[in-house]
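>>> Everything below, folded, please.
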Amino acid sequence: MNTLLVPLDHTASAEHLLAYANKLAVRWPAEIVLLYCQTPAADAASPAADLTAEEQRLRSLVERLRYQQLTRQDGRRIRYHYRVLSGCLHDHIAAEVARCAAQLVVMSLEHVDCGRQEAPGNHAAAIADLIACPVLVVPPGRRSLPSRLVFSADFSTLPLHTLPRLSALAEAFPGTLDLVQFYAPTDRRQRLPLKQAQTRALRQLTWPNVQTHLLEDEAPLEGVSEFCARQQAQLLIVAPASRAELLHYFDACYTTTQAYHTRIPVLVLRSAGTPAQAVCCGKCAERLTHDDGAVAALSHFHPTYHA
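As a prediction, the model looks like this:
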């Protein structure tokens, strides 16, 4: 049986996240492990009682959505497990993924951790950096499961062993899949090797309907957002080469302007690579600090988990 690990909080988007996970669990099919992490209050009289109350709160949410959203047969088909822990999500997530052998973590874009609000996407980037299984980041709002998917990556450097993990999700996300590779105008001579890399990646994927696209663009992230908009994509798959590159997808410049790729679910594949050194604009560079806390050159600034 496939397993979805779904970290929940008490934001307004938690209900939409669970509703999306329910649909996914029925289609795949899969069982759902609900994970809630709570930082204990300093004046808490009984921390154990607080955790028990939170588990009951989760159970009430599950039962309400099970019969409001799903048919009776589908609602009974899903098996739920509950994990309520004391502490921060990023302290427990790796152990919980291993404990339940999760194939996919489904989390909200605006997840609240440790009792404070982080910039949208920062938690997702931190979680994806801690675990090996794919992470599906779901923005707020009600939505149906995707039938049009876009996979954007640098296929010339993407390790092929990453792709079988993606193919394992083909039953969960059936539909048309577009592989898109962007290259800079200065790399036009590399078109043939890039096309060959796309072909090698294509052989590792099990989707029945896959198309490849090799596009020239100086700004790949803006390019993929525009490409997703043209294709009316409902799911974007990315394999960032570094955590900084993943943070770039959810940068405030894009969330504030509601760029297309921030309004659809993003599936993050863990991929080894070299650290990214660029930011999208000067304002972001001024706002962010280097991981070691020292002020760096403008082109070396990138978001951090505590930014």
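>>> quick check, Ala233 in a helix?
No: per DSSP: H, G, I helix; E, B strand; the rest coil, Ala233 lies outside any helix segment and is coil.
>>> Give the full set of residues in contact with it.
By Cβ atoms under 8 Å, 6 or more residues apart in numbering, the contact list for Ala233 reads Pro146, Arg148, Leu149, Val150, Asp178, Phe227, Ile264. Where you see a C-beta, it was placed from the backbone N, CA and C, and this is true even at glycine.
>>> Need those in JSON lines (columns: distance to Leu192, pLDDT and secondary structure).
Shown next, in JSON lines, are the contacts of Ala233 (distance: Cβ to Cβ, whole Å; pLDDT from 0 to 100; DSSP: H, G, I helix; E, B strand; the rest coil):
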{"residue": "Pro146", "distance to Leu192": "32", "pLDDT": "96", "secondary structure": "coil"}
{"residue": "Arg148", "distance to Leu192": "28", "pLDDT": "97", "secondary structure": "strand"}
{"residue": "Leu149", "distance to Leu192": "26", "pLDDT": "98", "secondary structure": "strand"}
{"residue": "Val150", "distance to Leu192": "23", "pLDDT": "98", "secondary structure": "strand"}
{"residue": "Asp178", "distance to Leu192": "20", "pLDDT": "98", "secondary structure": "strand"}
{"residue": "Phe227", "distance to Leu192": "21", "pLDDT": "97", "secondary structure": "helix"}
{"residue": "Ile264", "distance to Leu192": "32", "pLDDT": "95", "secondary structure": "coil"}
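>>> Farthest-apart pair in the residues you listed, please.
Greatest spatial distance in the contacts of Ala233: Pro146 and Phe227, 15.2 Å, computed using Cβ to Cβ.
>>> Check which element follows the strand or helix carrying Arg99 along the chain.
Element membership of Arg99 [criterion: DSSP states H and E] is helix 89-100. Next in sequence after helix 89-100, counting helices and strands by DSSP H and E, comes strand 104-108.
>>> Need the contact partners of that next one.
Strand 104-108 is contacted from outside by 2-7, 9, 11, 13-14, 16-17, 20-21, 24, 30, 93, 97, 123-124, 127, 131, 133-140, 169, 172, using Cβ under 8 Å, 6+ apart.
>>> hmm, try it at 7 Å
If you take Cβ atoms under 7 Å, 6 or more residues apart in numbering as the criterion, strand 104-108 is touched by 4-7, 11, 13-14, 17, 21, 24, 97, 124, 127, 131, 133-138, 169.
>>> Just the buried residues from those residues, in PyMOL please.
The buried residues among the contacts of strand 104-108 can be selected in PyMOL (16 or more other Cβ atoms under 10 Å) with this line:
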select buried, resi 4+5+6+7+13+14+17+21+24+97+124+127+131+133+134+135+136+137+138+169
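>>> Identify those among the contacts of strand 104-108 that sit within helices.
Here DSSP state H is the test, and the contacts of strand 104-108 give Ala14, Leu17, Ala21, Leu24, Val97, Ala124, Ile127 as lying in helices.
>>> For the fifth one, give its distance to His248.
Distance of Val97 to His248, given as Cβ to Cβ, to the nearest Å: 24 Å.
>>> Let me see the ranges of the strands in the protein.
Here the chain has its strands, by DSSP state E, at 2-7, 30-38, 80-86, 104-108, 135-138, 148-152, 176-183, 209-216, 235-238, 266-268.
>>> how about these in CSV, adding distance to Arg72?
Shown next, in CSV, are the strands of the chain (distance: least, Cβ to Cβ, whole Å):
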stretch, distance to Arg72
strand 2-7, 21
strand 30-38, 18
strand 80-86, 16
strand 104-108, 23
strand 135-138, 25
strand 148-152, 30
strand 176-183, 32
strand 209-216, 33
strand 235-238, 28
strand 266-268, 30
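>>> Can you say which of those is packed in most?
Of the strands of the chain, the one with the most neighbours on average (mean count of other Cβ atoms under 10 Å) is strand 135-138, at a mean of 26.
>>> got the CA positions of it in CSV?
Extracted C-alpha coordinates of strand 135-138, given in CSV (Å, rounded to 0.1, in the frame of the first residue of the first chain):
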residue,chain,number,x,y,z
VAL,A,135,7.3,16.6,-1.7
LEU,A,136,4.1,17.9,-3.2
VAL,A,137,3.5,21.6,-2.2
VAL,A,138,-0.2,22.6,-2.5
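>>> Counting by contacts, list what it packs against.
Other elements packing on strand 135-138 under the criterion 3 or more Cβ pairs under 7 Å, 6 or more residues apart in numbering; DSSP states H and E are strand 104-108, helix 122-130, strand 266-268.
>>> From the chain's centroid, how far away is the first one?
What that stands for is strand 104-108. Distance, stretch centre to chain centre, for strand 104-108: 6 Å (Cα atoms, centre = their mean, to the nearest Å).
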